[in-house]
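[1] how would this look folded up:
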Amino acid sequence: MARAPRKRSDRSKGIDRRTLIVGGGAAAGLLLAWGVWPRSYRPNLNAGPGETILNAFLKIDRSGQIIVIVPQMESGQGVATLLPQILADELGADWRTVAVQSAPISPLYANTLLAREWLASDWTRLLGEAGDWAIGQYASRSSLMLTGAGTSIPMFHDAYRDAGAAARVLLCKAAAARWDIPWESCDIQEGVISDGGAKRMKIGEVVEDAARFDLPDILPYRQGQDGRLSGQDLPRLDTPSKIDGSHNFAADIRLPDMVYASIRQGPIGDAVLAGLDERSPAGVTGFLKLVKQERWVAAVASNWWAANKALDLADPVFTLRGKPVSSEAIEDMLETAFAGSAGRRIYAQGDLLPVFEGATILASEYQVDAGLHLTLEPMAATARVTDEDAEIWLATQAPALARNAIAQALDLPEAAVTLYPLHAGGSFGRRMDWEAGLQAALIARDMRRPVQLQWSRIEDVVQDRPASPARARLAAKLGRNGAIEGWLAKVAAPCAMSQTWARVGRGDMPHEAAADMADQPTRLAVAGMALPYAAPNWAVDHYPADVGLALGFAPGNAALYGTFFTESFVDELAHLAGIEAMSFRIQMLGGNPRLAHCLSTAAAMGGWQGGISGSGQGIAARMAGGAYAAIMVEAEMRGDTVSVSRIVAAVDAGDQVNPDIARQQVEAGLIYGLAYALGASTPYKGGLPTRAMLGRMNLPRLADIGEVSVELIRSTAPPAGITDLAAPLVAPAVANALYTWTGQRLRRLPLLASP
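    Residues are numbered from 1 along each chain as shown. As a prediction, the model looks like this:
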């Protein structure tokens, strides 16, 4: 459908990923300009009384406390323990003395790895290393601090190791100067510097002197295994405060003279506030004011319950411009996308035409509905705003982008806005968006006093940025030996990652971002669908679609639906070939021994029976970002519900820093994946979800899950990020298990959704 041209808002200062590099000449000019642009970044940390800043990732005080600076948002995945553990291991610290502090916004903490994954275009890929360099430079100079897609450890592992090694060298130099011995003869273990003999000193005693020394040209790393922290199941640093309730989330902040706000934002899409009852809220005890903006209205009161009650009585009415979103319209748009002209081949190997021509082909169609985040903590933020500056307490995966947007909305310089990054009570990618922080700031400016904004659970569901819905048409030809000779996947889906960047990086409104990406085929929408199996001829095509939903980051992103399509269809082919499902996969993994090892390990641990009829066993495998995983599940139908009695996972993710946290990450992914497979979704009608209560979404409960076992396969490979690894595997494994139980192939998510 043609759209009228739209003028870009002046507030947008972000970069358009489609035009990051628009051509060879422009690329050369961009690289030259950035090459001569002066750049020298220094830590912008504040040092408290008795603290010494040693580098961008570390402060040490006189008592010997190790304060590790972490730029990544902790949302339960354990990053606020893993990164300090890397540094403390190389430093030789006593784990009992390690503390964590959130990093300020700085180019030194830019996540160039996720930026390259997110912003890569055909031009940057064509330029190779120069294109990667350009994106990295943009990310650094924009302080593009990002948490997501399992990139925290791969991105920062070496930086934290170097920071620990540098601090150890400086401390050893300071101690050696006092002892008048060569610094190379000194070492640190459990927070104590020694010369290997009688001379011993606590690190706090020389930390101030240490900062005055210079580092050697080559930074030495620790040798041997004595006293090493890496690889140990150390206790998480955030656990005690979360147990005793002292851990502060956004809704726990308390400021003098603070008031509370609840908000309504209308239906999904281009909705504007049309009217409300401004008299009725006055009868609510504690009610203070209604704050109105073009697209939302907030009620402010002395407590949140009064504010939310006042909003109910105000009964705001919104006008929706454009067609309201509905499940029927989403399905129609996905189907229509296949007939459009915007489709493009994203991955290709070999030549499918002669393989498919005149051959007997198995073809199937799969579909997934939009998957909700449903985090334990709904969106929330606290703000204090004056005419000169602002302070925002917010859990965000993109703090620099959030601060910039808030500064623009308040018409303040970026330097006048202080953002205090908090831990999140769950995210699953939802806190890549920062709208709650911006809303809280605007309400606080209007009220001229601190405001804490908390979304209701219903508002959190209505305004969610869910994982993308998608439809796939898959076709394959089998050879005489049962191997896949040809494979074609056509996927109709909007791209959630592109939409997210348009919102948070460019400043588009959610409905604008959805429409902007409607005709843009991209690798991001089919990421993870490149076959791990050795098929000689295969291809993946993307057909972009505008389904009317604003979509966002999720665990695995496109792999959530892509793995369901791929691993379910592989299972179909195995049954067609008459080969048991694990052996069918193994025979095509000759060049991928790590994934083959995961498959055989999961099958052995789970007592794999070959996927025989009535076994209720299913299997699935994938690889992503240098990590490999396979799972086996046991599931059955009990009436009209699915019961998953067992999940077994085998993971090879390199040399993990903290194996226990790695297992926690895998377990969390398995449970999220089960929710995605069975529920965590809602139909849409008239621009609104038809259900918003958690109890109506068929989410798995503890009693429904059964035994969960995770085996980490020992590996000397570099540690890979695994927060997003397991979630995409669950849906195909459960669907494959239910096929053996019922004889019926389920090709839609959620698995019990009506066709």
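[2] quick check: longest helix of the protein.
    In terms of residue count, the longest helix belonging to the chain (DSSP state H) is helix 152-179.
[3] what's the spacing between the next helix or strand after it and its chain's center?
    Later in the chain than helix 152-179, the nearest helix or strand by DSSP states H and E is strand 187-189. From the chain centre to the centre of strand 187-189 is a distance of 36 Å (C-alpha atoms, centre = their mean, to the nearest Å).
[4] and strand 187-189, which strands flank it?
    Note on strand 187-189: by DSSP bridges, its sheet partners are strand 192-194 (antiparallel).
[5] who's in contact with the strand it pairs with?
    94, 171, 172, 175, 186, 187, 188, 200, 201, 202, 203, 206 (C-beta atoms under 8 Å, 6 or more residues apart in numbering). For every residue, glycine as well, the C-beta is placed using N, CA and C.
[6] Verify the stated contact: residue 698 with residue 752.
    Yes. With contact defined as C-beta atoms under 8 Å, residue 698 reaches residue 752; the gap is 7.0 Å.
[7] Overlap of the contact sets of these two?
    With C-beta under 8 Å, 6+ apart, residue 698 and residue 752 have common neighbours 641, 678.
[8] So which of the contacts of strand 192-194 is the closest to residue 240?
    Checking the contacts of strand 192-194 against residue 240 by C-beta to C-beta gives residue 94 as the nearest, at 16.7 Å.
[9] Run a quick neighbour tally on the closest residue to that closest one other than its chain neighbours.
    Residue nearest to residue 94 in three dimensions, not counting chain neighbours: residue 191, with 3.6 Å by C-beta to C-beta, 6 or more residues apart in numbering. Using other C-beta atoms under 10 Å, residue 191 has 21 other residues around it.
[10] Past the helix or strand encompassing residue 566, which element shows up next along the chain?
    Element membership for residue 566 (DSSP H and E) is helix 559-577. Proceeding N to C from helix 559-577, the next assigned helix or strand is helix 581-586, under DSSP H and E.
[11] In terms of secondary structure, what does that following helix contact?
    helix 559-577, helix 593-606, strand 617-624 (3 or more C-beta pairs under 8 Å, 6 or more residues apart in numbering; DSSP states H and E).
[12] Now with 10 Å, please.
    Under the contact definition 3 or more C-beta pairs under 10 Å, 6 or more residues apart in numbering; DSSP states H and E, helix 581-586 sits against helix 559-577, helix 593-606, strand 617-624, strand 627-638, helix 727-742.
[13] Name the residues that touch it?
    Residues outside helix 581-586 that contact it (C-beta atoms under 10 Å, 6 or more residues apart in numbering) are 478, 482-484, 532-533, 567, 570-580, 592, 595-597, 599-600, 602-603, 608, 610-611, 617-621, 630, 632, 736, 739-740.
[14] Tell me the buried residues in that helix?
    581, 582, 584, 585, 586 (16 or more other C-beta atoms under 10 Å).
[15] residue ranges with poor pLDDT in the protein?
    Where the chain drops to pLDDT under 70, the residues are 1-40, 753-755.
[16] In stretch 93-100, which residues are buried?
    For stretch 93-100, burial by neighbour count (16+ other C-beta under 10 Å) applies to 93, 94, 95, 97, 98, 100.
[17] what do you get for stretch 561-578?
    Neighbour counts over stretch 561-578 (16+ other C-beta under 10 Å) mark 561-575, 577 as buried.
[18] Same question for stretch 341-348.
    Buried residues in stretch 341-348, counted by 16+ other C-beta under 10 Å: 343, 346, 347.
[19] For these, could you give me CSV that also reports secondary structure and distance to residue 147?
    Output for these, formatted as CSV (DSSP: H, G, I helix; E, B strand; the rest coil; distance: C-beta to C-beta, whole Å):
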residue, secondary structure, distance to residue 147
343, coil, 33
346, strand, 26
347, strand, 28
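[20] Quick one: the strands in the stretch 451-600 of the chain, in order.
    Assigned by DSSP state E, counting those that start in this stretch, the stretch 451-600 of the chain shows strands spanning 451-454, 470-478, 484-492, 538-543.
[21] any idea which helix or strand carries the residue nearest in space to the middle of the chain?
    The centre of the chain sits closest to residue 148, judged by C-alpha atoms, centre = their mean, with a distance of 3.3 Å. Using DSSP H and E, residue 148 sits within no helix or strand.
[22] before we move on, back to that, of the buried residues of helix 581-586, closest to residue 45?
    Distance to residue 45 across these (C-beta to C-beta) is lowest for residue 585, with 49.4 Å.
[23] if I look at that closest one, how far off is residue 600?
    10 Å (C-beta to C-beta, to the nearest Å).
[24] Next, show the common contact partners of these two.
    By C-beta under 10 Å, 6+ apart, the residues touching both residue 585 and residue 600 are residue 630.
[25] Compute the number of surrounding residues for residue 210.
    So residue 210, with other C-beta under 10 Å, has 23 neighbours.
[26] right, and it touches residue 171 too?
    Yes. The criterion here is C-beta atoms under 10 Å, and residue 210 meets it with residue 171 at 4.7 Å.
[27] Now do the shared contacts for these two.
    54, 60, 193, 203.
[28] With respect to residue 654, which of those is nearest?
    For the shared contacts of residue 210 and residue 171, the nearest to residue 654 is residue 54 (27.8 Å; C-beta to C-beta).
[29] For residue 306, grab phi and psi.
    Per-residue torsions, residue 306: phi -70, psi -40 (degrees, to the nearest 10).
[30] Start at 133, not 1
    All right, first residue 133 from here; so that's residue 438.
[31] how about stretch 500-516: buried residues?
    500-507, 509-516.
[32] Stretch 828-841 too?
    829, 830, 831, 832, 836, 837, 840, 841.
[33] And stretch 317-325, by the same measure?
    318, 319, 320, 323, 325.
[34] follow-up on the earlier one: using CSV, please lay out the shared contacts of residue 342 and residue 303 together with distance to residue 215.
    As requested, the shared contacts of residue 342 and residue 303 are arranged in CSV below (distance: C-beta to C-beta, whole Å):
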residue, distance to residue 215
186, 16
192, 16
325, 23
335, 19
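[35] Let's have the contacts of strand 324-326 in CSV, adding distance to residue 572.
    As requested, the contacts of strand 324-326 are arranged in CSV below (distance: C-beta to C-beta, whole Å):
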residue, distance to residue 572
226, 39
303, 42
304, 47
307, 48
318, 50
319, 49
320, 44
332, 51
333, 48
334, 44
335, 41
338, 44
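[36] Widest-spaced pair of the buried residues of stretch 225-232?
    It's 226 and 232 that sit farthest apart of the buried residues of stretch 225-232, by C-beta to C-beta, at 15.2 Å.
[37] Just give the number of residues close to the closest residue to residue 392 other than its chain neighbours.
    For residue 392, ignoring the flanking residues on the chain, the nearest one in space by C-beta to C-beta, 6+ apart is residue 436 at 4.3 Å. When neighbours are defined as other C-beta under 10 Å, residue 436 has 21 of them.
[38] which ones are touching residue 436?
    So residue 436 contacts 383, 391, 392, 393, 394, 418, 512, 584, 585, 586, 588 (C-beta under 10 Å, 6+ apart).
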